[in-house]
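**Q** sequence plus the predicted model coming up.
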Amino acid sequence: MGQDHDPNLSGSDKLILAVSMTLLFALALLLVGGAFLFGFAGLFQLFSVQYDTKSSLIYYIVFLIPLTLLFEIATMSVLIRVLPRLTKKWIMMVLKMGVSFLFIWIPLYLTDEWIKGITVPLYTELVAALLLLVLDSLVEKRHF
(Lines give C-alpha, C1' and ligand atoms only; values in the text may rest on other atoms or scores of the structure.)
Protein backbone atom coordinates (compact mmCIF):
# COMPACT_ATOMS: atom_id res chain seq x y z
CA MET A 1 0.00 0.00 0.00
CA GLY A 2 1.00 3.62 -0.25
CA GLN A 3 1.84 6.07 2.44
CA ASP A 4 -1.07 7.83 4.11
CA HIS A 5 -0.99 11.62 3.75
CA ASP A 6 -2.02 13.96 6.49
CA PRO A 7 -5.56 15.23 5.69
CA ASN A 8 -4.80 18.63 7.20
CA LEU A 9 -3.73 21.35 4.82
CA SER A 10 -0.36 23.00 5.03
CA GLY A 11 0.01 26.75 5.47
CA SER A 12 0.51 27.46 1.77
CA ASP A 13 -2.47 25.26 0.86
CA LYS A 14 -4.65 27.18 3.31
CA LEU A 15 -3.49 30.48 1.79
CA ILE A 16 -4.28 29.28 -1.73
CA LEU A 17 -7.70 28.07 -0.58
CA ALA A 18 -8.47 31.37 1.18
CA VAL A 19 -7.44 33.45 -1.86
CA SER A 20 -9.43 31.18 -4.18
CA MET A 21 -12.57 31.41 -2.04
CA THR A 22 -12.22 35.21 -1.79
CA LEU A 23 -11.90 35.50 -5.56
CA LEU A 24 -14.91 33.20 -6.06
CA PHE A 25 -17.00 35.31 -3.67
CA ALA A 26 -15.91 38.54 -5.40
CA LEU A 27 -16.79 37.03 -8.79
CA ALA A 28 -20.25 36.06 -7.52
CA LEU A 29 -20.83 39.60 -6.23
CA LEU A 30 -19.67 41.08 -9.52
CA LEU A 31 -22.00 38.81 -11.49
CA VAL A 32 -25.02 39.72 -9.37
CA GLY A 33 -24.13 43.42 -9.45
CA GLY A 34 -23.53 43.27 -13.21
CA ALA A 35 -26.86 41.57 -13.78
CA PHE A 36 -28.60 44.30 -11.79
CA LEU A 37 -26.61 47.01 -13.58
CA PHE A 38 -27.34 45.79 -17.10
CA GLY A 39 -30.92 44.86 -16.19
CA PHE A 40 -31.69 48.32 -14.87
CA ALA A 41 -29.76 49.99 -17.71
CA GLY A 42 -31.94 48.08 -20.17
CA LEU A 43 -35.13 48.89 -18.26
CA PHE A 44 -34.17 52.55 -18.08
CA GLN A 45 -33.40 52.54 -21.81
CA LEU A 46 -36.84 51.05 -22.54
CA PHE A 47 -38.59 53.70 -20.47
CA SER A 48 -36.32 56.56 -21.62
CA VAL A 49 -35.03 57.33 -18.14
CA GLN A 50 -32.16 59.77 -18.40
CA TYR A 51 -29.24 59.80 -16.01
CA ASP A 52 -26.39 62.32 -15.90
CA THR A 53 -23.47 59.90 -15.89
CA LYS A 54 -22.87 56.18 -15.87
CA SER A 55 -21.59 56.55 -12.33
CA SER A 56 -25.09 57.74 -11.32
CA LEU A 57 -26.45 54.41 -12.53
CA ILE A 58 -23.71 52.53 -10.69
CA TYR A 59 -24.43 54.48 -7.47
CA TYR A 60 -28.11 53.69 -7.94
CA ILE A 61 -27.37 49.96 -8.05
CA VAL A 62 -24.81 50.12 -5.23
CA PHE A 63 -27.36 51.77 -2.92
CA LEU A 64 -30.27 49.66 -4.15
CA ILE A 65 -28.81 46.22 -3.41
CA PRO A 66 -28.22 46.59 0.37
CA LEU A 67 -31.42 48.57 0.80
CA THR A 68 -33.34 45.81 -0.98
CA LEU A 69 -31.76 43.21 1.29
CA LEU A 70 -32.85 45.15 4.38
CA PHE A 71 -36.40 45.43 3.07
CA GLU A 72 -36.40 41.72 2.18
CA ILE A 73 -35.71 40.96 5.84
CA ALA A 74 -38.54 43.32 6.83
CA THR A 75 -40.87 41.60 4.34
CA MET A 76 -40.12 38.19 5.77
CA SER A 77 -40.64 39.37 9.36
CA VAL A 78 -44.02 40.93 8.48
CA LEU A 79 -45.16 37.86 6.56
CA ILE A 80 -44.02 35.45 9.28
CA ARG A 81 -46.11 37.33 11.84
CA VAL A 82 -49.23 37.85 9.71
CA LEU A 83 -49.65 34.83 7.41
CA PRO A 84 -50.12 32.15 10.08
CA ARG A 85 -53.15 34.04 11.40
CA LEU A 86 -54.98 33.89 8.07
CA THR A 87 -57.15 30.94 7.10
CA LYS A 88 -58.15 31.57 3.50
CA LYS A 89 -55.50 30.74 0.94
CA TRP A 90 -56.49 33.49 -1.53
CA ILE A 91 -56.24 36.17 1.18
CA MET A 92 -52.80 34.84 2.12
CA MET A 93 -51.64 34.99 -1.50
CA VAL A 94 -53.02 38.51 -2.11
CA LEU A 95 -51.51 39.80 1.13
CA LYS A 96 -48.16 38.15 0.41
CA MET A 97 -48.01 39.63 -3.10
CA GLY A 98 -49.13 43.06 -1.86
CA VAL A 99 -46.63 43.25 0.99
CA SER A 100 -43.84 41.91 -1.23
CA PHE A 101 -44.65 44.43 -3.97
CA LEU A 102 -44.69 47.30 -1.48
CA PHE A 103 -41.41 46.26 0.10
CA ILE A 104 -39.78 45.90 -3.32
CA TRP A 105 -41.04 49.30 -4.49
CA ILE A 106 -39.95 51.27 -1.39
CA PRO A 107 -36.18 50.69 -1.92
CA LEU A 108 -36.57 51.68 -5.59
CA TYR A 109 -38.32 54.89 -4.57
CA LEU A 110 -35.84 55.73 -1.77
CA THR A 111 -32.83 55.10 -3.97
CA ASP A 112 -34.30 57.33 -6.67
CA GLU A 113 -34.79 60.10 -4.14
CA TRP A 114 -31.25 59.80 -2.73
CA ILE A 115 -29.35 59.69 -6.02
CA LYS A 116 -29.57 63.14 -7.60
CA GLY A 117 -28.04 62.24 -10.98
CA ILE A 118 -30.96 60.02 -11.98
CA THR A 119 -34.70 60.62 -11.98
CA VAL A 120 -36.94 57.60 -12.38
CA PRO A 121 -40.65 58.25 -13.04
CA LEU A 122 -43.16 56.58 -10.74
CA TYR A 123 -44.55 54.29 -13.45
CA THR A 124 -41.03 53.00 -14.20
CA GLU A 125 -40.48 52.29 -10.51
CA LEU A 126 -43.78 50.40 -10.39
CA VAL A 127 -42.94 48.37 -13.51
CA ALA A 128 -39.50 47.55 -12.10
CA ALA A 129 -41.07 46.49 -8.79
CA LEU A 130 -43.55 44.30 -10.66
CA LEU A 131 -40.77 42.68 -12.69
CA LEU A 132 -38.71 42.05 -9.55
CA LEU A 133 -41.80 40.59 -7.84
CA VAL A 134 -42.35 38.21 -10.76
CA LEU A 135 -38.67 37.19 -10.77
CA ASP A 136 -38.75 36.71 -7.01
CA SER A 137 -41.86 34.52 -7.19
CA LEU A 138 -40.32 32.43 -9.98
CA VAL A 139 -37.13 31.81 -7.98
CA GLU A 140 -38.77 31.33 -4.58
CA LYS A 141 -39.59 27.87 -3.27
CA ARG A 142 -43.16 27.17 -2.31
CA HIS A 143 -43.53 27.32 1.48
CA PHE A 144 -47.27 26.69 1.59
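**A** Arrived safely. Numbering: from 1, shown residues only.
**Q** and the closest residue to E125 other than its chain neighbours, what are its phi and psi?
**A** Distances taken as Cβ to Cβ, 6 or more residues apart in numbering place L108 nearest to E125, at 4.7 Å, with adjacent residues excluded. For glycine as for every other residue, the C-beta is placed from the backbone atoms N, C-alpha and C. Phi and psi for L108, reported as degrees, to the nearest 10, are phi -60, psi -40.
**Q** just the pLDDT for L108.
**A** With respect to pLDDT, L108 scores 92.
**Q** try Q3
**A** Reported pLDDT for Q3: 54.
**Q** how close does L79 sit to A35?
**A** Distance of L79 to A35, given as Cβ to Cβ, to the nearest Å: 25 Å.
**Q** now swap in T111 and tell me
**A** For T111 relative to A35 (Cβ to Cβ), the value is 17 Å.
**Q** what about these two, which has more around it?
**A** More neighbours surround T111 than the other of T111 and A35, with 21 against 11 (other Cβ atoms under 10 Å).
**Q** please, which helix or strand holds the more buried one?
**A** Using DSSP states H and E, T111 maps to helix 89-114.
**Q** what helices or strands is that helix leaning on?
**A** helix 54-82, helix 122-139 (3 or more Cβ pairs under 8 Å, 6 or more residues apart in numbering; DSSP states H and E).
**Q** next, the angle helix 89-114 makes with the shortest one.
**A** Angular relation of helix 122-139 and helix 89-114 on a 0 to 180 degree scale: 130 degrees, by axes from the mean of the first three to the mean of the last three Cα atoms, to 10 degrees.
**Q** what number of residues are in the vicinity of the nearest residue to T124 once chain neighbours are set aside?
**A** Of all residues not flanking T124 in the chain, F47 sits nearest, at 4.4 Å (Cβ to Cβ, 6+ apart). Residues lying near F47 (other Cβ under 10 Å) number 14.
**Q** residues contacting F47?
**A** Going by Cβ atoms under 8 Å, 6 or more residues apart in numbering, F47 touches P121, Y123, T124, V127.
**Q** for L130, give me the pLDDT.
**A** Per-residue confidence (pLDDT) for L130: 93.
**Q** pretty sure it sits against F101.
**A** Yes: contact criterion Cβ atoms under 8 Å: L130 and F101 qualify, at 7.1 Å.
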